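**Q** how would this look folded up:
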Amino acid sequence: MADYPHPPIQYKEMRERIRTGLPCNEARQLWWPILVKTGYHQSVDQVPDIPGLARKRWTWALQSLHGNDDPVDVNLEWNEMEEGEVAKEVMQMLIRQYHMPEPGLVASLVRTLSAVLSNRAILFSTCCDIMGRPGWFISPEPASHRLKLFTFRELGKRIIPQTYSQLDAIGALTDTYLNIILVDMMAPVLTPEQCNKVLDAYLIDGVKTLYRYGLGLFKMFKDQIKKKVYKTGEQFWSAMRAYHLGGIDFQQLSDLSLDNHRSVFQRSTVPPRTKLAAIELKAREALGETLREPLGLDYDPAMIGESSSTGNEGINPSDSLILDSTACSTLNSFLPPSTRMEGMDLTFSTYNDGWSFFNLYEMVEHLSPCVILLRTVETDAILGMYMSTPIAPPSMDVRGDGQCFCFRLDGPNAAKFPWTSPEEKIGSSTLVTATQFAHCTPTYMAFGGSNQHGTNALRIDSDLSQASSGPSDTYDNPPLAPEEPRQPFQVQNVEVFCGRSSMAKHGRSKSVPRKDR
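**A** Numbering: from 1, shown residues only. Modelled structure (predicted):
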């Protein structure tokens with residue numbers, strides 16, 4: 001299968017040409033949709049590079065989905081289907097092709113873009129560009145979004161300190177409310193036409209556009225805020241939402257947001273990338289391990305296809321010698337929705353690939369998400385780990401995040417043990433082990449840790465034939481195999497399943513279990 005097609009985009013040149021009013025035909029990529037819609041070009045075929053790149057990417061996505069290189073007929077006509085259906089199909093394809101821990105972060109952007117881009121291949125290609133630059137645009141990564149929230153708050157404290165303080169006092173600056181700016185692209189506040197203009201600037205200048213418009217909105221209503229017209233955060237944002245049908249002076253808002261002479265974001269206060277990077281470093285230090293916590297944003301289940309289950313999502317029991325249909329169904333119910341939709345295939349097994357750590361790491365290198373399964377010899381217990389990040393190449397570093405969990409699958413003992421954040425722990429002595437998601441070294445794999453007991457939720461030795469399990473602070477789990485007569489216990493089989501989109505991107509093929517074993 002062909003490699004993922006990367007775009008020949010010169011972002012710096014593109015932005016400079018736009019800002020100085022120079023022609024930018026050679027660099028037109030992310031921001032071209034608005035130009036098409038507003039009449040600069042009547043046909044998408046007149047925009048250089050876009051049709052070919054969109055065709056390649058959509059072909060690659062469909063071939064990855066079906067696991068073959070069959071030719072694909074790509075339709076590049078506008079209005080090929082209803083706007084809502086375009087957004088739904090593209091969102092589902094994005095989830096399949098890019099493992100998304102937080103699809104709710106991207107769903108609003110896809111829906112907003114679909115109002116301008118009424119073609120699946122073109123919308124998909126544009127979203128690929130956006131998600132390829134998580135520091136510049138919205139991404140489905142919780143850590144990236146938490147950094148943006150922190151940065152926006154820090155800018156508010158520096159640029160509009162009094163207004164910011166008053167809004168904070170009435171509870172108007174919670175994550176939920178700020179997501180109206182940073183996730184919903186201000187769509188609940190502006191008319192669709194106004195939102196498109198924000199989107200236009202966003203495609204050119206990234207998330208700094210949302211910082212500008214957000215702070216501009218606060219400054220626009222600073223007099224009312226100062227007079228304490230709004231008593232609560234909900235009252236303030238209800239008043240803002242009332243402008244959705246029209247009424248807000250968008251020219252005034254844009255002047256406050258973008259104009260260099262009147263803007264709240266003047267050149268003297270606009271942080272360059274180096275200063276924004278310094279704010280992000282401060283954010284990482286301040287937020288610590290909470291960066292890894294899931295956001296749990298709401299989204300429309302139909303948007304990502306959860307209402308139309310095919311019954312073939314997640315892991316298929318026919319691909320495993322460890323899982324029967326009951327255990328497989330239980331495991332699939334534990335998986336995040338995005339992983340179930342993406343699907344997982346067998347990548348390594350001891351019966352196919354030998355009892356070798358080297359083989360395991362080589363076959364799953366750079367792949368995510370991963371499910372590690374094992375069955376014990378003496379009691380036939382089925383234990384495992386879900387890892388949202390790659391487990392290879394091996395290193396001594398901690399890997400994983402708040403999406404990870406350990407589990408047991410057999411019989412009435414089936415249970416999932418998700419990560420619990422440090423704030424939920426009692427006593428600071430557990431803080432280190434609370435974020436010990438996984439160590440995948442050349443000589444062992446250890447998941448979770450316990451300060452009191454010195455045990456791991458699951459530990460697998462380098463020859464894969466022995467493992468152990470005990471309590472852990474990380475996942476707040478009891479021993480996963482308490483009935484085993486000895487620790488460490490003997491392992492009967494090990495299997496590793498990985499996300500299909502990651503396998504397709506890295507050119508890995510599905511392993512087929514040998515039923516004679």
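**Q** Flag the shaky bits of the stretch 51-200 of the chain, pLDDT-wise.
**A** 67 (pLDDT under 70).
**Q** Can you list the residue ranges for strands in it?
**A** Applying DSSP state E, counting those that start in this stretch to the stretch 51-200 of the chain gives no strands.
**Q** can you map out the strands along this structure?
**A** Per DSSP state E, the chain carries strands over the ranges 344-349, 370-376, 382-387, 398-399, 405-408, 415-418, 438-440, 444-447, 458-461, 466-468, 489-499.
**Q** any idea how far Cys440 is from Leu360?
**A** Taking C-beta to C-beta, to the nearest Å as the measure, Cys440 falls 10 Å from Leu360. (Glycine included, C-beta is placed from N, CA and C.)
**Q** Likewise for Gly354?
**A** With C-beta to C-beta as the criterion, Gly354 and Leu360 are 9 Å apart.
**Q** Kindly report the same for Asp70.
**A** Counting by C-beta to C-beta, the gap from Asp70 to Leu360 is 32 Å.
**Q** ok, so what distance separates the residue nearest in space to the middle of the chain from Asp129?
**A** Using C-alpha atoms, centre = their mean, the residue of the chain that lies closest to the mean C-alpha position is Pro140, 2.4 Å off. Separation of Pro140 from Asp129 (C-beta to C-beta): 14 Å.
**Q** Which one's more surrounded, Gly354 and Leu360?
**A** Leu360 (27 against 12; other C-beta atoms under 10 Å).
**Q** what's the closest non-adjacent residue to that one?
**A** Phe348 (5.1 Å; C-beta to C-beta, 6 or more residues apart in numbering).
**Q** Number of residues surrounding the one you found?
**A** By the criterion of other C-beta under 10 Å, Phe348 has 25 neighbours.
**Q** My read is that it contacts Lys510, right?
**A** No. Counting by C-beta atoms under 8 Å, Lys510 is not a contact partner of Phe348; they are 11.1 Å apart.
**Q** before we move on, back to that, now for Cys440 and Leu360: what residues contact both?
**A** The contact sets of Cys440 and Leu360 overlap at Ala392 (C-beta atoms under 8 Å, 6 or more residues apart in numbering).
**Q** Where among the strands of the chain is average confidence lowest?
**A** Here the strands of the chain differ in mean pLDDT, and the lowest is strand 398-399 at a mean of 90.
**Q** and the residue nearest to the centre of the chain, what is it in contact with?
**A** Tyr98, Met100, Pro101, Glu102, Pro103, Leu105, Val106, Met131.
**Q** neighbours of Gln436, just the number please.
**A** 22.
**Q** For Asp473, see how far away it is.
**A** Gln436 is 8 Å from Asp473, where distance means C-beta to C-beta.
**Q** Please identify every residue contacting each of those two.
**A** By the contact definition C-beta under 8 Å, 6+ apart, Gln436 and Asp473 are jointly contacted by Gly448, Gly449.
**Q** now Phe405: how far from Pro336?
**A** Relative to Pro336, and taking C-beta to C-beta, Phe405 is found at 10 Å.
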